[in-house]
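1. Just a sequence and a predicted model for now, questions to come.
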Amino acid sequence: MDERHFRSRATTVDTEMNGGANGEEDDDPMDIIGDDDLIENKDFDRLTEEEKLLLAPEVLKLMEDKYQRRLVSLLPVYYPGISGCRSVAEYECLNKISEGTFGVVYRAQNKRTDEIVALKRLKMEKEHQGFPITSLREINMLLKCGAHANVVNVREVVVGSSMDKIYLVMDYVEHDVKSLIELMKSRGKKWTIPQVKTLLRQLIAGVLYMHEEYVIHRDLKTSNLLLSHQGILKIGDFGLAREFGDPIKPYTPVVVTLWYRSPELLLGTKLYSTPVDMWSVGCIFAEFLKLDPLFPGRSEIDQMQKIFKEVGTPNEQIWPGCMELPGMKTGVFADTPYNQLRRKFAAELPDDDGYELLNKLLTLNPAKRLDAEHALVSKWFFNDPKPAHPSTFPTWPAKSEQNRRPPNEPVAPRSQQQQPQRPVGGFTLRFDAPKF
């Protein structure tokens, strides 16, 4: 099914899944049903873990089955497991690029057009039956945001020989920024300030588009950013992305790779929104400048200590309400001066506008943290030296195209809580073509 048809249902599916044209959720069952059957009448996806424990296993199973059927009923007719999806055998897999919590990414070639694409095989092993909710969310988020030049584009979904072999076909981009940074460091190279401005503007533009589509990425980091030979940056890996609305509903605070996790998440808040992405943008901005992570913590406590050492320890004066967060009630943190960023980045950001942008992105109080709309019009981007044109970026050998040898067994998925690592390359996927 071509990209035009693939996108034609994106808005419709999203509207139906979210309860109306305005993206409003259905009335909460808590408001419209009696106490006797309160939990049983809630939607499965709205049940808390505590509520699930109160239900009999057979009741919980029926509710999950009903929810799965409702999700499938909303899918377009060309969706995997329905009909009309092309087979993954239409592509020749060249080599493995990387593996993460939510899938494995391969470099592949369209057999008909010879075009190079990226294939992401979605992981299904945790699902008892039906299409995984996590994968459905990821596809839905990509459909909402993939039209932007700085967000990875999903072209189609293709299937293998069974329901547990589902692949996203995406634009192939030569580098992930994390690997590129390590390559540059090994060669004693750094990005110039004009190049940093270009990279950061593209990142913020993509984040702004996501936020305007009511999507929080929740895992922005250099290994989830892609950079083409043409100097175009794209945001990828929407495995943790979620929609948000007003009022904000609670989410798990255990999201975002540790080094890029915001203070409010580290301190245990469950009510958060787009500022968690903007903190990550600030960390990435610093990494563009230094080519090293700004806060490389070894644990959540160590992460908070590293943050507070540089930007100060939070208090009620600079962050009203912070003392009520779980982490502030249980943790003991040294009182450090506010703020050490200017000293740390004096060489890279000698002008006030550059420092101000970094400082506002790394503001402890999420309510005062700079949003994407205002970050994009920072004076720093318009000062001399001006941002470099993407076409002037130097090209580097693509790690994803190297060492194409026959495969070993694919590596086990790494935990989301591990520290960022370089993508694993050099493996070839052998599709079991006779089964397709």
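-> Good, I have the coordinates.
2. Tell me which residues touch residue 300, please.
-> Residues near residue 300 by Cβ atoms under 8 Å, 6 or more residues apart in numbering: 258, 266. Bear in mind the C-beta positions are built from the backbone N, C-alpha and C, glycine included.
3. Mind doing that once more with 6 Å?
-> Residue 300 sits next to residue 266 when contact means Cβ atoms under 6 Å, 6 or more residues apart in numbering.
4. ok, so what distance separates it from residue 372?
-> To residue 372, residue 300 is 26 Å away according to Cβ to Cβ, to the nearest Å.
5. go on, residue 193?
-> Distance from residue 193 to residue 372, by Cβ to Cβ: 21 Å.
6. secondary structure class for the residue nearest to residue 252 when sequence neighbours are not counted?
-> Using Cβ to Cβ, 6 or more residues apart in numbering and skipping residues adjacent in sequence, the residue nearest residue 252 is residue 270, 7.0 Å away. Three-state assignment for residue 270 (DSSP: H, G, I helix; E, B strand; the rest coil): coil.
7. Residue 56: how many residues sit nearby?
-> A count of nearby residues for residue 56, using other Cβ atoms under 10 Å, gives 9.
8. and if you look at residue 312?
-> Using other Cβ under 10 Å: residue 312 sits among 18 other residues.
9. same deal with residue 61?
-> If you count neighbours by other Cβ under 10 Å, residue 61 ends up with 12.
10. Check residue 246 too.
-> Residue 246 has 9 neighbours, counted by other Cβ under 10 Å.
11. pull the longest helix from this protein.
-> Ranked by residue count under DSSP state H, the longest helix found in the chain is helix 193-212.
12. Tell me the neighbouring strands of the helix or strand just after that one, and mark each as parallel or antiparallel.
-> As assigned by DSSP states H and E, the chain's next helix or strand after helix 193-212 is strand 215-216. If you go by DSSP bridges, strand 215-216 pairs up with strand 242-243 (antiparallel).
13. Would you mind giving the domain segments of the chain?
-> Per the record, the chain has its domains at 3-74, 86-174+411-435, 175-392, by automatic domain parsing.
14. pLDDT on the second one, on average?
-> Along domain 86-174+411-435, the predicted local confidence has a mean pLDDT of 73.
15. Show me where the protein dips below the pLDDT cut-off.
-> 1-41, 68-84, 100-102, 124-132, 162-164, 399-436 (pLDDT under 70).
16. ranges for the strands of the stretch 1-150 of the chain?
-> All strands of the stretch 1-150 of the chain, identified by DSSP state E, counting those that start in this stretch, fall at 86-87, 91-99, 103-110, 116-122.
17. Tabulate the ones you listed (JSON lines), appending distance to residue 165 and mean neighbour count.
-> Shown next, in JSON lines, are the strands of the stretch 1-150 of the chain (distance: least, Cβ to Cβ, whole Å; neighbours: other Cβ atoms under 10 Å):
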{"stretch": "strand 86-87", "distance to residue 165": "10", "mean neighbour count": "16"}
{"stretch": "strand 91-99", "distance to residue 165": "12", "mean neighbour count": "21"}
{"stretch": "strand 103-110", "distance to residue 165": "11", "mean neighbour count": "21"}
{"stretch": "strand 116-122", "distance to residue 165": "7", "mean neighbour count": "22"}
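18. Now render these as a markdown table, adding distance to residue 65.
-> Shown next, in a markdown table, are the strands of the stretch 1-150 of the chain (distance: least, Cβ to Cβ, whole Å):
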| stretch | distance to residue 65 |
| --- | --- |
| strand 86-87 | 28 |
| strand 91-99 | 31 |
| strand 103-110 | 25 |
| strand 116-122 | 21 |
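19. For the closest residue in space to residue 165 that isn't next to it in sequence, grab the count of nearby residues.
-> Leaving aside its chain neighbours, residue 165 sits nearest to residue 159 (6.3 Å; criterion: Cβ to Cβ, 6+ apart). When neighbours are counted by other Cβ under 10 Å, residue 159 registers 20.
20. what bridges to residue 159?
-> residue 87, residue 166.
21. and the gap between it and residue 153?
-> Relative to residue 153, residue 159 is positioned 19 Å away (Cβ to Cβ).
22. which non-adjacent residue is nearest residue 280?
-> residue 220 (3.7 Å).
23. Could I get the phi/psi values of the one you found?
-> Note on residue 220: its backbone torsions stand at phi -70, psi 130 [degrees, to the nearest 10].
24. Can you get me a residue count around residue 288?
-> When neighbours are counted by other Cβ under 10 Å, residue 288 registers 23.
25. how close does residue 390 get to residue 277?
-> Distance of residue 390 to residue 277, computed by Cβ to Cβ: 23 Å.
26. Residue 252: neighbour count?
-> Neighbours around residue 252, by other Cβ under 10 Å: 10.
27. returning to what we had before: now do the residue nearest to residue 165 against residue 313, distance only.
-> Applying Cβ to Cβ to residue 159 and residue 313 gives a distance of 52 Å.
28. now do residue 90
-> Using Cβ to Cβ, one obtains 56 Å as the distance from residue 90 to residue 313.
29. More neighbours: these two, which one.
-> Per other Cβ under 10 Å, whichever of residue 90 and residue 313 has more neighbours is residue 313, with 20 against 15.
30. ok, now which ones touch that one?
-> 333, 335, 336.
31. again, only this time at 10 Å
-> By Cβ atoms under 10 Å, 6 or more residues apart in numbering, the residues touching residue 313 are 304-305, 307, 319, 322, 328, 333-338, 364.
32. cool, residue 321 as well?
-> Neighbouring residues of residue 321 by Cβ under 10 Å, 6+ apart: 264, 269, 314, 328, 365, 367.
33. Nice, that's everything, thank you.
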